[in-house]
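Q: Predicted model follows, preceded by the sequence.
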Amino acid sequence: MAGDKSLTVQGVEIHLTTRNDEDYISLTDMVSKFEGGSSLIESWLRNKDTVEFLGVWERLNNPSFNSPGFEGIRSRAGLNRFTLSVSLWVNETHGIGLIAKAGRYGGTFAHRDIAFEFGSWLSPEFKLYLITEFQRFKQAEAERGLDWDVRRTLAKVQYRVHTDAVKAHLIPPQLSARDAGFVYASEADVLNKALFGMTSADWKRANPDARGNLRDNATMEQLVVLSSLESQNALLIQQGVSQDRRLTTLNGLARAQMQSLLTNPSLPPLKSGPLLN
C-alpha cells in the first residue's frame, strides 16, 4: 500500500492511500467534521442499502468477491442486532472496497467510488466539496502523466445500483428484452424529469445540433445530484412506491439539493462540461 497523501475539505484534512494503483479515501477523516464522528461509519455500514451498494461495487470490481459470504451478510442486514465491521466484511466476502488501516493516519478507508457514496449519505454538499478537491488533486497528478475522469466515476456505480433495482422489482421474468429496454428507459427518464425537467428525447428535440445526450451536457453539480437520485429511486422502487409518486419525491429532493449546492457562496464550482440550455 502506497504512502499517504491528503486533501483539505472544508478545513478538514482527509488522507488518501493507494492500493493496487487505486485511490482510497479516509472515511474516518471525513466524519471528523460531523456530529457523531466515527459512529456514523458504523451506522452507514449497518444500513441494508449500504450492504447492497457494497455488493454491487464488489461484483463490478472484484473478481475474487465471495458471493455466498455476501449473501450471508445481506440476509442479516436490516435486523436490529445487525452490525458490520470492515474486518467482518473483508473476511466473509474477500472484499477490496474497504480497508481498515493501522498506524499513523489509520482508520477506515474506502475506494473513491464508495467514499463518494458515503459522502452523499453524509451530505450532498460535502460530497461536492470532496469531489472538487479530489478532482484538483487528480488534475495535479495528470500533469505528471496520470489520469482520472470524474464523470466516469460519478456515473458508474450508482447506475448499476439503479438498473439492478429496476431489473429485480419492475421487470417480470417473461418480459422480452425489447420490452425490458422500454422499462429501463422509462426509469431513466423519471430521473431526467425529476432533475432536468425533461426527458432525454425532449432535450434532443430542443438541442438537435448538440453533441452527446442530456446527461453528457450536465454540469458537475447536476451529476452529483443525479448520483444521489439514482440511489434514492432504487430504494423507492424496492419499497414498491409508484412511478408518479417517485417522480414527485425525487423532484423535491433534486430541487432541495440543487438549491443547497448552487446558493452556497463558499461552495467552489466544478467546471466540467457546458450548462444545459
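A: Alright, I've got the coordinates. Numbering: from 1, shown residues only.
Q: what's the burial count for the closest residue in space to residue 224 that isn't next to it in sequence?
A: Counting by Cβ to Cβ, 6 or more residues apart in numbering, residue 224 lies nearest to residue 128, which is 5.2 Å off, once chain neighbours are set aside. In short, each C-beta sits where N, CA and C put it, glycine included. Applying other Cβ atoms under 10 Å, we find 26 other residues in the vicinity of residue 128.
Q: ok so residue 128 is a helix residue?
A: Yes. Counting by DSSP: H, G, I helix; E, B strand; the rest coil, residue 128 is located in a helix.
Q: Report the next helix or strand after the lowest-mean-pLDDT helix or strand in the chain in sequence order.
A: Among the helices and strands of the chain, helix 150-170 carries the lowest confidence by mean pLDDT, DSSP states H and E, at a mean of 73. Per DSSP states H and E, the first helix or strand lying C-terminal to helix 150-170 is helix 177-196.
Q: And the very next helix or strand once past that following helix, what's buried?
A: Counting by DSSP H and E, the next helix or strand C-terminal to helix 177-196 is helix 200-206. The neighbour-count check on helix 200-206 (16 or more other Cβ atoms under 10 Å) flags 200, 203 as buried.
Q: The helix or strand that helix 200-206 is followed by vs helix 177-196, what angle?
A: For helix 200-206, the following helix or strand on the C-terminal side (DSSP H and E) is helix 220-238. If you take axes from the mean of the first three to the mean of the last three Cα atoms, to 10 degrees, helix 220-238 sits at 130 degrees to helix 177-196.
Q: what helices or strands is helix 220-238 leaning on?
A: Packed against helix 220-238 by the contact rule (3 or more Cβ pairs under 8 Å, 6 or more residues apart in numbering; DSSP states H and E) you find helix 48-61, helix 112-122, helix 124-142, helix 150-170, helix 177-196, helix 243-263.
Q: send the alpha carbons of it over as CSV?
A: C-alpha atoms of helix 220-238 as CSV (Å, rounded to 0.1, in the frame of the first residue of the first chain):
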residue,chain,number,x,y,z
MET,A,220,-20.9,18.6,-12.3
GLU,A,221,-23.4,19.8,-9.7
GLN,A,222,-26.2,18.1,-11.7
LEU,A,223,-24.2,14.9,-11.9
VAL,A,224,-23.7,14.9,-8.1
VAL,A,225,-27.4,15.3,-7.6
LEU,A,226,-28.2,12.7,-10.3
SER,A,227,-26.0,10.2,-8.5
SER,A,228,-28.0,10.8,-5.3
LEU,A,229,-31.3,10.5,-7.1
GLU,A,230,-30.3,7.1,-8.6
SER,A,231,-29.7,5.8,-5.1
GLN,A,232,-33.0,7.2,-3.8
ASN,A,233,-35.0,5.9,-6.7
ALA,A,234,-33.6,2.4,-6.3
LEU,A,235,-34.7,2.5,-2.6
LEU,A,236,-38.2,3.7,-3.5
ILE,A,237,-38.5,1.0,-6.2
GLN,A,238,-37.6,-1.6,-3.6
